[in-house]
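Asks: Could you work out the structure for the sequence below:
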Amino acid sequence: MKVLVTGNLGYVGNVLTRMLLEKNFEVVGCDTGFYPQGFLGLTEPKIIQIKKDIRNLTEDDLDGVSSICHLAALSNDPLGEINPNLTEEINYFSTIKLAKLAKKVGVEKFVFSSSCSSYGVNDKIVNEESELLPVTAYAKSKVNAEREISNLSDNNFCVTNLRSATAYGLSDSIRLDLVVNNLTCSAFTTNQVKLLSDGTSWRPLVHVDDMSNAFISILEAKNSEVNAQAFNVGSNDDNYTARDIAQIVEKIIPDSKITYAINASKDARSYRVDFTKINQHLGYKTKWNLENGIEDIHKVLKSKNFREEDFKDKKYYRVTYMKDLMAQKKIDQNLFFK
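Replies: The predicted model follows:
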């Protein structure tokens, strides 16, 4: 099976690409190449690499492709808020354009990387049938894209939406703006497990390996099992408050202590998610738990002698790095290379 992975050089795309190759899929990658690689020092995978903005993909780029894992996007809430109109263009309109193009040329499966942030603020535990209440430009773009590409599904074009929990874990294009990664690195380099909120908001978590494996589960499933379906990706055991996460980090990282930012307040984004459907429907189970994931990160930080100046490096933070590329005039306000 020839699979196109958009955003293959991103945090999740890096891991998914390598897992696909291990399972003998033929992989084509598409990525702008904005973000640095090499955190884990891995060998560059041997795939066909398209260096292109997803807004510019053509029929020729999809030649021979049977499935698409669509991860490319402005990939978190803060990044999405820089320019909400651009977020809508890239995350929503370009997704629809790509899905329509894929259907036109005979691609069989389109697996869309959506997000549990689509559920917004919820006091109840939500599942795939719950109302979607997105509160950010990023989440709204995911919800809108989900709805429209689902309408394209038919017997010849299988569309599946994966609403993943907040990711954590190691990648060759590591992100330290994700809560578990951030708190772990903060604890290791500064001895502070520094919470920017009051820690009471709920967030579901999923290891980046498990998130990647969910895409593979969809690719390997019968179309009739997953067509026009949405699946939450994660485990019912992995709903945590930010304070819960901080306490586990504090326990694992020696000499670390939980601290709070000045005027820390409740994060408006709070939701607990039920992941029963993907388990019962596909037999999908996560392999990682939070403690093991934090220990894995800690081990690599020690081996790299990771320091506070490394932790603060802009290349590990999507918003900061993107703004720096703009300031250096390497990309313009529409995120095109100059």
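
Asks: residues near Phe157, how many?
Replies: 21 (other CB atoms under 10 Å). Heads up, the C-betas are built off the backbone N, CA and C, glycines and all.

Asks: what's the pLDDT at the residue nearest to it when sequence neighbours are not counted?
Replies: Of all residues not flanking Phe157 in the chain, Lys103 sits nearest, at 4.6 Å (CB to CB, 6 or more residues apart in numbering). We have a pLDDT of 98 for Lys103.

Asks: now do the one 3 residues further on
Replies: According to the per-residue confidence, Gly106 scores 98 in pLDDT.

Asks: mind listing what it touches?
Replies: Taking CB atoms under 8 Å, 6 or more residues apart in numbering, we find Gly106 in contact with Asn156.

Asks: ok, it to Glu225 distance?
Replies: As judged by CB to CB, to the nearest Å, Gly106 and Glu225 stand 21 Å apart.

Asks: And Asn8, by the same measure?
Replies: Distance of Asn8 to Glu225, computed by CB to CB: 25 Å.

Asks: Let me know how buried Asn127 is, in neighbour terms.
Replies: For Asn127, the count of nearby residues is 14 (other CB under 10 Å).

Asks: Was I right to think it contacts Gly234?
Replies: No - using CB atoms under 8 Å, Asn127 is not in contact with Gly234; the gap is 11.7 Å.

Asks: overlap in contacts of the two?
Replies: Joint contacts of Asn127 and Gly234 (CB under 8 Å, 6+ apart) are Val273.

Asks: what are the ranges of the helices in the stretch 201-338 of the chain?
Replies: 208-220, 223-226, 242-252, 276-282, 290-303, 308-311, 318-327 (DSSP state H, counting those that start in this stretch).

Asks: which helices and strands sit right next to the third one?
Replies: Using 3 or more CB pairs under 8 Å, 6 or more residues apart in numbering; DSSP states H and E, the elements in contact with helix 242-252 are helix 179-190, strand 192-197, strand 202-207, strand 257-265, helix 290-303.

Asks: repeat for the last one
Replies: If contacts are counted by 3+ CB pairs under 8 Å, 6+ apart, helix 318-327 sits against helix 77-82.
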